[in-house]
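Participant: Okay, here's the prediction I keep looking at, along with the sequence it came from:
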Amino acid sequence: MKNRINIIPIISFLLFIIVFILLKIGIIYTFDNYVYEQFIINDFLTSIMVFITFFGEAKTIFYITILLLLFLKKRKYKIMIVINSLIGLNVFHTLKIIIKRPRPTGINLVDVTGYSFPSGHTYMTIIFYGLLLYLINTNKEKIKCKNLLNIILVLIIITVPISRVYLGVHYASDTIAGFTLGLIHLFLFISLAKNKKLL
């Protein structure tokens, strides 16, 4: 079981490298354009996607973090959540500045600034809500509405990247990069935390 789990960050790393190489040689745009063209844009879907993308915003994650710090009992969980998010913010901001990929133009349905690659919303969604999933399902104490929480968190993780492409603020390859990097970060962070090398 352990070997199966460890293969996920390896596959994620290889996929990120592939996407990055295709971006650098300039042939990823065909894929990006094809994915975007599959979306049907209408006002109803747009309102749903704006609501979904809200969960990947830094201010939303900040407010949820504050609530968790107030109500969580375990000090270790509080420290993990804060350190995890702070590392994530620095990582994806640094990568954006280094890579400097411009955002899509002419198709954005919401106003955004900054560079495009990787998707910060996707990256933070994976590491933040993914860590919450891990903490919920490894906690030995009984948690109310555990199954419902799991469903909600999984839906957020799946739909936030989709919302970013639909809203025209990221290319599909941006979200794939954010997703794969997020998985690498999450597995590495959890592994270090479990081995008490972080805390």
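Facilitator: Alright, I've got the coordinates.
Participant: Quick check: phi and psi on residue 40?
Facilitator: Backbone torsions of residue 40, given as degrees, to the nearest 10, read phi -100, psi 110.
Participant: close enough to count as contact, residue 143 and residue 133?
Facilitator: No - Residue 143 sits out of contact with residue 133 when judged by C-beta atoms under 8 Å, with a separation of 11.7 Å. In this view, the C-beta of every residue, glycine as well, is placed from N, C-alpha and C.
Participant: quick one, which of these two is more surrounded?
Facilitator: residue 133 (18 against 13; other C-beta atoms under 10 Å).
Participant: Okay, and the residue lying closest to the more buried one once chain neighbours are set aside sits in which element?
Facilitator: Setting aside the residues directly before and after it, residue 133 is nearest to residue 153 in space (C-beta to C-beta, 6 or more residues apart in numbering), at 5.0 Å. Secondary structure here is read from DSSP states H and E; on that basis residue 153 sits in helix 146-166.
Participant: What are the buried residues along that helix?
Facilitator: If you call a residue buried by 16 or more other C-beta atoms under 10 Å, then helix 146-166 has these buried ones: 153, 156-157, 159-166.
Participant: Take the residues you listed and write them to CSV, including pLDDT and distance to residue 83.
Facilitator: Converted to CSV, those look like this (pLDDT from 0 to 100; distance: C-beta to C-beta, whole Å):
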residue, pLDDT, distance to residue 83
153, 96, 19
156, 96, 21
157, 96, 20
159, 96, 26
160, 97, 22
161, 96, 24
162, 96, 28
163, 96, 27
164, 95, 25
165, 95, 30
166, 95, 32
